[in-house]
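coords below, sequence missing:
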Ligand SMILES: [Zn+2]
């Protein structure tokens, strides 16, 4: 990664380039951030800059052998440590080396990855990973070896807050007397949980949130937003790329669900069976969580039609442009449908929880809507 690949953070990029240019790089640095600011990509581009022999204009060249290996995360003197879950096969002896290929492809794919997303990539969703004592021994071994390429050795420790006391104490020895040409870089999202003795041996570097205009520019290009929309998302997310992308995808999913729920109701009312089938085939492909989201939207649509049918337009919370179509539906829907429809959707949600085949659940729901509406 080059500094130019990192979104915003211009001041801190120049600060880091200045540190590298001065030749006085601290042997231990602790980068801290709120998740999504980009501390990890920033650090990776810093390491690439330090190692690059052709750096110019405050950035690495991106083409020399060192840049090429670091950008693919395959440089033999660049080591990574990150939390892994002891529940995965391998038990408490599990170290980062067991997951290095997952790590590499996850970071190359998204250097702004969250801990939760990385756990999902490792196949452990609901269990916090940790950095074990076995890991500390492995760090020690790697850093006391001679460097493979005769240059610096780098150890990146992602989320040192996941180390326990014993691991931290072992690491402390390395921080006190780091071997020559060895650099330990820690990236923490909860620095208050990193042992004070570790913090005090590191140069601290606070990575601020991404400034709204840089983040907005990135979002504008990635999601084809207009400028105002992009700036709004950048502000709402407080300068965190991961927060912005998760809020945006939730919102897109929400409007997709609205569209599908409306298509189901409309097709059922107009007796268009092929429209109903299209909806259930699509929803059956969703993840379980998204299927539940679709059901909640469908319940909300039923509630909206009901509110209009009883003349309670003012508390129906229907967006202005959709009001006309809901009013049309309210005229067509048989009043007995409201309770029946809600029961059908709630039944489908219970079936999803019970792991019934989603194709069956949604085909059945679709057909019943078609017949009852
Ligand atoms: Zn280079």
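Yes, it's here. Not measured: the values here are computed from a predicted model.

Could you chop the protein up by domain?
Per automatic domain parsing, the structural domains of the chain span 3-208, 211-239, 244-372.

Pretty sure residue 308 sits in a helix.
Yes - if the criterion is DSSP: H, G, I helix; E, B strand; the rest coil, then residue 308 is within a helix.

Give me the next element, helix or strand, following the helix or strand where residue 301 lies.
According to DSSP states H and E, residue 301 maps onto helix 288-309. On the C-terminal side of helix 288-309, the closest following helix or strand by DSSP H and E is helix 323-332.

Now do that next one and helix 288-309, the angle between them.
For helix 323-332 against helix 288-309, the angle by axes from the mean of the first three to the mean of the last three CA atoms, to 10 degrees is 70 degrees.

who touches helix 323-332?
By CB atoms under 8 Å, 6 or more residues apart in numbering, the residues outside helix 323-332 that reach it are 262, 265, 266, 269, 304, 305, 306, 308, 309, 313, 316, 318. The C-beta positions use only the backbone N, C-alpha and C, and glycine is treated the same way.

One more: stretch 160-169?
Taking CB under 8 Å, 6+ apart as the rule, stretch 160-169 contacts 30, 83, 128-133, 135-136, 171, 186-191, 193-195, 197-198.

of those, buried ones?
30, 83, 129-133, 135-136, 171, 186-189, 191, 194-195, 198 (16 or more other CB atoms under 10 Å).

Out of these, which sit inside helices?
133, 135, 136, 171, 198 (DSSP state H).

Tell me how far residue 231 lies from residue 247.
14 Å (CB to CB, to the nearest Å).

Comparing the two, which shows the higher neighbour count?
Ranked by neighbour count (other CB atoms under 10 Å), residue 231 and residue 247 place residue 231 first, with 18 against 14.

and the more buried one, what does it touch?
Per CB under 8 Å, 6+ apart, neighbours of residue 231: 212, 213, 216.

Please apply the same query to residue 220.
226, 227, 229, 230.

what helix or strand is it on?
Residue 220 belongs to helix 212-223, assigned by DSSP H and E.

now the helix or strand that that helix is followed by against helix 212-223, angle please.
Sequence-wise, the next helix or strand downstream of helix 212-223 (DSSP H and E) is helix 227-236. Between helix 227-236 and helix 212-223, the angle comes out at 120 degrees (the same axes, to 10 degrees).

elements contacting whichever helix or strand comes after helix 227-236?
Counting by DSSP H and E, the element after helix 227-236 in chain order, helix or strand, is helix 241-269. Applying 3 or more CB pairs under 8 Å, 6 or more residues apart in numbering; DSSP states H and E, we find helix 241-269 packed against helix 212-223, helix 227-236, helix 273-284, helix 288-309, helix 323-332, helix 358-372.

pLDDT averaged over helix 241-269 - what is it?
Averaging pLDDT along helix 241-269 yields 92.

Any buried residues in that helix, and which?
241-246, 248, 253, 256-258, 260-268.

for stretch 264-283, same thing?
Going by 16+ other CB under 10 Å, stretch 264-283 has these buried residues: 264, 265, 266, 267, 268, 275, 276, 277, 278, 279, 280, 283.

what residues does it touch?
With CB under 8 Å, 6+ apart, stretch 264-283 has contacts from 260, 263, 291, 294, 298, 301, 305, 325, 329, 332-333, 358-359, 362-363, 365-367, 369-370, 372-373.

Please apply the same query to stretch 136-146.
So stretch 136-146 is in contact with 79, 81, 95-97, 153, 155, 157, 163, 166-167, 170-171, 173-174, 178-179, 182, 184, going by CB under 8 Å, 6+ apart.

just to revisit the earlier point, among the contacts of residue 220, which ones are buried?
residue 230.

Can you redo the contacts of residue 220 as TSV, where the extra columns are distance to the ion and pLDDT?
Formatted as TSV, these follow (distance: CB to the ion, whole Å; pLDDT from 0 to 100):
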residue	distance to the ion	pLDDT
226	37	91
227	34	92
229	37	90
230	32	93
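
Can you tell me the SS state at the residue in the stretch 101-250 of the chain that the ion sits nearest to?
Residue of the stretch 101-250 of the chain nearest the ion, by CB to the ion: residue 151 (12.4 Å). Using three-state DSSP as the criterion, the local structure at residue 151 reads coil.

what's the burial count for it?
Neighbours of residue 151 using other CB under 10 Å come to 14.

what's the distance between residue 262 and residue 298?
From residue 262 to residue 298 the distance is 9 Å (CB to CB).

Span of stretch 216-235 from start to end?
End-to-end distance for stretch 216-235: 8 Å, by CA to CA, to the nearest Å.

buried stuff in stretch 313-333?
316, 318, 326, 329, 330, 333.

can you redo those residues as a markdown table with distance to the ion and pLDDT?
Below are the buried residues of stretch 313-333 laid out as a markdown table (distance: CB to the ion, whole Å; pLDDT from 0 to 100):
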| residue | distance to the ion | pLDDT |
| --- | --- | --- |
| 316 | 60 | 69 |
| 318 | 57 | 76 |
| 326 | 60 | 90 |
| 329 | 62 | 93 |
| 330 | 66 | 93 |
| 333 | 66 | 93 |
